[in-house]
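*Asks:* Structure, please.
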Amino acid sequence: MLKVENLQVNYGAINAIKGISIHVPEKSIITLIGANGAGKTTTLRAISNIVKAADGSKVIYDGKDITELPAHKIVELGLCQVPEGRLIFANLTVKENLDMGAYLRKDKENFAKDLDFIFAIFPRLKERIKQPGGTLSGGEQQMLAISRALMSKPKMLLLDEPSLGIAPLLTKTIFEKIVEINTTLGMTILLVEQNANLALSVANYGYVLETGKIILEGPAKELESNPEVRKAYLGET
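*Replies:* Okay, here's the model as predicted:
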């Protein structure tokens with residue numbers, strides 16, 4: 001579904017992403033883990049062409065080379081990003097935020113059905129449908145950010161740090177729902193996450209990013225049991 005080949009991103013003289021390659025098969029959950037500042041968010045932003053990749057980089061999505069495609073055209077192809085920090089529209093209601101997610105869609109007749117699916121997964125959003133997004137808790141805003149992306153009817157989601165700034169109980173719920181979205185909709189997901197425990201518990205395969213380089217990769221269960229990963233990212237001594 002997604003192939004990233006020799007991805008490089010430079011910020012002036014700083015080489016932030018140093019020629020990484022990632023493969024995300026259809027209907028899988030693939031995770032990219034690493035410490036704060038490793039380059040995880042930059043990787044997602046480069047895939048979406050929000051930041052410019054350096055010459056020689058290649059991003060192939062659904063058989064198409066999207067490396068140079070404008071960000072809004074990438075969304076139209078069905079590749080949608082849920083950004084770090086959620087970035088919902090704080091002054092708009094929950095319903096208005098969801099409507100904004102569906103802005104590019106042409107199949108208006110399916111809106112009600114898709115809303116029903118979202119409210120079945122995230123019933124809290126239905127309870128708060130008329131509330132401004134800014135009045136929701138951090139966890140509820142994350143639910144709204146994911147739901148807003150789902151309203152664009154994507155084939156694949158890029159999730160950037162969905163656990164960031166969220167209470168542990170709601171974080172657990174959100175990760176359970178990520179798995180449900182993957183299994184129920186067959187949604188392909190690339191998950192960027194600092195919480196390696198959570199990410200590896202739901203993913204099929206993982207990549208470990210350190211200072212802009214992939215230093216380890218493998219099936220998620222193998223990475224969970226890898227002594228280096230356990231020491232560096234799972235808090236074991």
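
*Asks:* which residue is nearest the middle of this structure?
*Replies:* The chain has L159 as the residue nearest its centroid, 1.1 Å off, counting by CA atoms, centre = their mean.

*Asks:* Skip ahead from the longest helix seen in the chain and say which helix or strand is next.
*Replies:* Identified as the longest helix of the chain according to DSSP state H is helix 168-185. For helix 168-185, the following helix or strand on the C-terminal side (DSSP states H and E) is strand 188-193.

*Asks:* Who are the packing partners of that next one?
*Replies:* strand 14-24, strand 29-33, helix 40-47, strand 156-160, helix 168-185, helix 196-202 (3 or more CB pairs under 8 Å, 6 or more residues apart in numbering; DSSP states H and E). In this view, the C-beta of every residue, glycine as well, is placed from N, C-alpha and C.

*Asks:* what's the average pLDDT for that strand?
*Replies:* Strand 188-193 carries an average pLDDT of 95.

*Asks:* Then stretch 27-35?
*Replies:* In this model, stretch 27-35 has a mean pLDDT of 94.

*Asks:* Any buried residues in that stretch, and which?
*Replies:* For stretch 27-35, a neighbour-count test (16 or more other CB atoms under 10 Å) marks 27-34 as buried.

*Asks:* now those in CSV, with distance to A145?
*Replies:* Converted to CSV, those look like this (distance: CB to CB, whole Å):
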residue, distance to A145
K27, 22
S28, 22
I29, 18
I30, 20
T31, 18
L32, 18
I33, 20
G34, 21
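
*Asks:* Across the sheet, point out what pairs with the residue nearest to the centre of the chain.
*Replies:* V82, L191 (DSSP bridges).

*Asks:* So what does the nearest residue in space to G56 that is not next to it in sequence look like in phi/psi?
*Replies:* Among residues not flanking G56 along the chain, N6 sits closest, at 5.6 Å (CB to CB, 6 or more residues apart in numbering). The phi/psi pair for N6 (degrees, to the nearest 10) reads phi 50, psi 40.

*Asks:* Test my guess that N6 contacts I17.
*Replies:* No - here N6 lies out of contact with I17, judged by CB atoms under 8 Å, at a distance of 9.9 Å.

*Asks:* who's more crowded, those two?
*Replies:* Between N6 and I17, I17 has the larger neighbour count (other CB atoms under 10 Å), namely 28 against 14.

*Asks:* List the contacts of that one.
*Replies:* 7-9, 39, 42-43, 46, 53, 212 (CB atoms under 8 Å, 6 or more residues apart in numbering).

*Asks:* ok, for it, nearest residue in space, not its chain neighbours?
*Replies:* V9 (4.0 Å).

*Asks:* burial of E228, as a residue count?
*Replies:* 11.

*Asks:* correction: Q131
*Replies:* 15.

*Asks:* before we move on, what about the one 10 residues further on?
*Replies:* Burial of Q141 is recorded as 22 neighbouring residues (other CB under 10 Å).

*Asks:* Alright, I will stop here.
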